[in-house]
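> can you look at this prediction? I've put the sequence above it.
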Amino acid sequence: MKSRTFTCITAMLLLTALAIPAGLAAQENQDGNHKHHHYKLIDVGTFGGPSSYLSALFDGVAGAGFGSANVMNKNGTFAGWADTPAQDPFPAFCFDFGDCHVAQALRWRDGISTELGALAAGWSSAADWINNRGEIVGVSQNGVIDPVIGFPELRAVLWRDGQVIDLGTLGGNQSLAAAINNHGQVAGLALSDIPDPFSFYYQFFYCLPFQICPPNPTAARAFIWDEKNGLQDIGTLGGPDSLAAFVNDRGQVAGFSYTNSIVNATSGLPTFHPFLWEKGKGMKDLGTLGGTIAQAVNGLNDRGQVVGSTTMAGDQTHHPFLWDGKRLIDLGTFGGDNGEADWINDAGEVVGIAQQTTCPPGSNAGGGHAFLWRHGLLHDLGTTAGLDNSEAVYISARGEVVGYSFTCDLSAFDAFLWENGSIVDLNVLIPSSSGFYLWTAEFIADNGEIAALGLLPNGNQHVVLLIPCDENHRGLEGCDYSMVDATAEPPATQTVAPNVSTPMPPVSLWRRNNRFHFPAIRPKD
């Protein structure tokens, strides 16, 4: 199982008209040059260990992930997780999959990172999502070994008012919380006690990525939790398993579910489709683009629109989709085979990655360019200088986009910002004295604040927050309020290549946000 970029790109429709529309082109400055603000960089830090991370299910706890996550709320509070100095007592299946340290969920607020704690002292936890009330959900080890798999159990948890609350299961051993809305409703997955050889949880988090296949797994069910009703099983599309990845402020839940228990020859798994659930209406099957697999469900907005990717007929390629509330729309590609939609804002603007042509045979990546889908047209956002590929991960309400550029051999990466019609390497916009090389940006708030991952010269990774030095953030100490031309030369450490002082991110990080890309499915080269 690989990361979303490196396997997520599959066949789509060739679009012949890709010109930037007048509305985008008009965002250039009057002198014809694209200008960008500098950013103040804040190191979220760690709890004494080497690294810190974004959303647990995004950055790869248990080896798999959903789409992007709201890791910062409107008050500027950030939720993530970070290593402690303690070594993970289970090196065969480390919680952080990289440095193999015990990790703790964290909350950063007003310059201070606070440990949120775990269900059992000395065990690991990680945050996934924060709402505007400051409530945080994620996962925690509970100090118990799952007898089915032989590794520590994970439980869905809610951090609220200084307490960590176990949301429980549906009779099985494990659960996870993926998202929380601004009303305190939580969506996720919980195991039942019903035997199921194709259990979503054990298949996606253990068997397919690591070939650790338990003999007696149990079925997983999508849940919604609230204070009044507790943990509620929201059903399936007819098969034994379902999984909830998002919940919006209308209480709608998006995820995917098996539709039956009949194994397909192309995937080795039963058919599963994306769904949208709503109280009183049940679970709606959103269908696919011709295949049998909901390759990814990556975003849900407050209008009930859903994005991700599904396989095409034959399950060898996949396309990005948008459920617009009435129908499933194939968003297309730039002429290549594959693509995936990564996020959607409340205006219905979608970002992701779409292939033009694939990387050369033997490459570690599928290749492609970041896209913005707006008003029915797919726009190529380009790449940063010197890199052939890019992926757009998140889009704000203002239409600002963040993501990363990369090479086919995965030896070089740049975090990028796209705004005002142009793409810029974020390393150009931060202080040269920061000591960090930004290799990916994963979240941008509606006020322009960005959450990114930065590498230190020793190879450790920290979450960094980027605060724009703009009219909405006046008087920030250490801010450079001059403007930067988009064509400015990037720093010398622009690329992350072998045998240079700035190493590439750990291989374990490619597991982040894999979105269940199955080894049994072989995309066309």
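On my side now, so go ahead. Residues are numbered from 1 along each chain as shown.

> between the two ends of stretch 196-216, how far is it?
8 Å (C-alpha to C-alpha, to the nearest Å).

> from the chain's centre, how far out does that stretch sit?
Offset of stretch 196-216 from its chain centre (C-alpha atoms, centre = their mean, to the nearest Å): 21 Å.

> could you do stretch 351-367 as well?
On C-alpha atoms, centre = their mean, the centre of stretch 351-367 falls 19 Å from the chain's centre.

> stretch 435-447 now?
Taking C-alpha atoms, centre = their mean, one finds stretch 435-447 lying 13 Å from the centre of the chain it belongs to.

> can you give me the buried ones in that stretch?
436-445, 447 (16 or more other C-beta atoms under 10 Å). No exception for glycine: its C-beta is placed from N, CA and C like everyone else's.

> switch these over to TSV; also include secondary structure, distance to residue 400 and pLDDT.
Shown next, in TSV, are the buried residues of stretch 435-447 (DSSP: H, G, I helix; E, B strand; the rest coil; distance: C-beta to C-beta, whole Å; pLDDT from 0 to 100):
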residue	secondary structure	distance to residue 400	pLDDT
436	coil	21	96
437	strand	22	96
438	strand	16	96
439	strand	19	94
440	strand	16	93
441	strand	10	95
442	strand	13	94
443	strand	11	96
444	strand	5	97
445	coil	9	97
447	coil	10	95
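
> farthest-separated two in these?
Between any two of the buried residues of stretch 435-447, the greatest separation by C-beta to C-beta is 24.9 Å, found for 437 and 447.

> secondary structure class for residue 92?
Per DSSP: H, G, I helix; E, B strand; the rest coil, the secondary structure class of residue 92 is helix.

> relative to residue 142, how far out is it?
Distance, residue 92 to residue 142, by C-beta to C-beta, to the nearest Å: 19 Å.

> okay, the two: which has more neighbours?
More crowded of residue 92 and residue 142, by other C-beta atoms under 10 Å: residue 142, with 20 against 10.

> let me see the contact set for residue 72.
By C-beta atoms under 8 Å, 6 or more residues apart in numbering, the contact set of residue 72 is 78-79, 130, 443, 445, 449, 451, 465.

> looking at the residues you listed, spot the one nearest residue 108.
residue 78 (4.2 Å).

> what is the burial count for the closest one?
Neighbours of residue 78 under the rule other C-beta under 10 Å: 24.

> state the distance from it to residue 52.
Using C-beta to C-beta, residue 78 is found at 10 Å from residue 52.

> intersection of neighbour lists for these two?
44, 463.

> give me the below-cutoff pLDDT ranges for this structure.
1-33, 57-67, 486, 488-525 (pLDDT under 70).

> how about a cut-off of 80?
Residue ranges of the chain with pLDDT under 80: 1-34, 56-68, 97-98, 208-210, 357-358, 362-365, 486-525.

> quickly list the domain ranges of it.
Listed by automatic domain parsing, the domain ranges of the chain are 1-41+305-525, 44-285.

> how far is the longest one from where the chain is centred?
In this view, domain 1-41+305-525 has its centroid 12 Å away from the chain centroid, taken as C-alpha atoms, centre = their mean.

> what of stretch 272-287?
Worked out by C-alpha atoms, centre = their mean, stretch 272-287 lies 22 Å from the chain centre.

> ok, and what's touching that stretch?
Under C-beta under 8 Å, 6+ apart, the answer for stretch 272-287 is 222, 224, 234-237, 239, 241-242, 244, 250-259, 288, 292-294, 297, 300, 304, 306, 308, 310, 321, 323, 328.

> got a PyMOL select line for the buried ones in those residues?
Buried residues among the contacts of stretch 272-287 (16+ other C-beta under 10 Å), as a PyMOL selection:
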select buried, resi 222+224+234+236+237+239+241+242+244+250+251+252+253+254+255+256+257+258+259+288+292+293+294+297+300+304+306+308+310+321+323+328
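
> which of the contacts of stretch 272-287 fall in strands?
222, 224, 242, 244, 253-259, 297, 300, 306, 308, 310, 321, 323, 328 (DSSP state E).

> now the helices for the protein?
4-7, 22-25, 56-59, 200-202, 208-210 (DSSP state H).

> any idea how far residue 222 is from the residue nearest to residue 149 when sequence neighbours are not counted?
Spatial nearest neighbour of residue 149, chain neighbours left out: residue 214 (5.1 Å); criterion: C-beta to C-beta, 6 or more residues apart in numbering. Applying C-beta to C-beta, the value for residue 214 to residue 222 is 21 Å.

> same question for residue 409.
In terms of C-beta to C-beta, residue 409 sits 38 Å off from residue 222.

> cool, residue 359 as well?
35 Å.

> do residue 39 as well
Here the criterion is C-beta to C-beta. By it, residue 39 lies 38 Å from residue 222.

> next: residue 278.
Between residue 278 and residue 222 the computed distance is 13 Å (C-beta to C-beta).

> give me the common contacts of those two.
The contact lists of residue 278 and residue 222 share residue 253, where a contact means C-beta under 8 Å, 6+ apart.

> show me where the stretch 351-500 of the chain has strands.
Secondary structure of the stretch 351-500 of the chain (DSSP state E, counting those that start in this stretch): strands located at 369-374, 377-382, 389-395, 401-406, 413-419, 422-425, 437-444, 450-455, 461-468, 483-485.

> for residue 118, which of these is the nearest?
Closest approach to residue 118 among the strands of the stretch 351-500 of the chain is made by strand 461-468 (18.9 Å; C-beta to C-beta).

> the inter-axis angle of the closest one versus strand 450-455?
140 degrees (axes from the mean of the first three to the mean of the last three C-alpha atoms, to 10 degrees).

> tilt between strand 461-468 and strand 413-419?
Using the same axes, to 10 degrees: strand 461-468 against strand 413-419 is 20 degrees.
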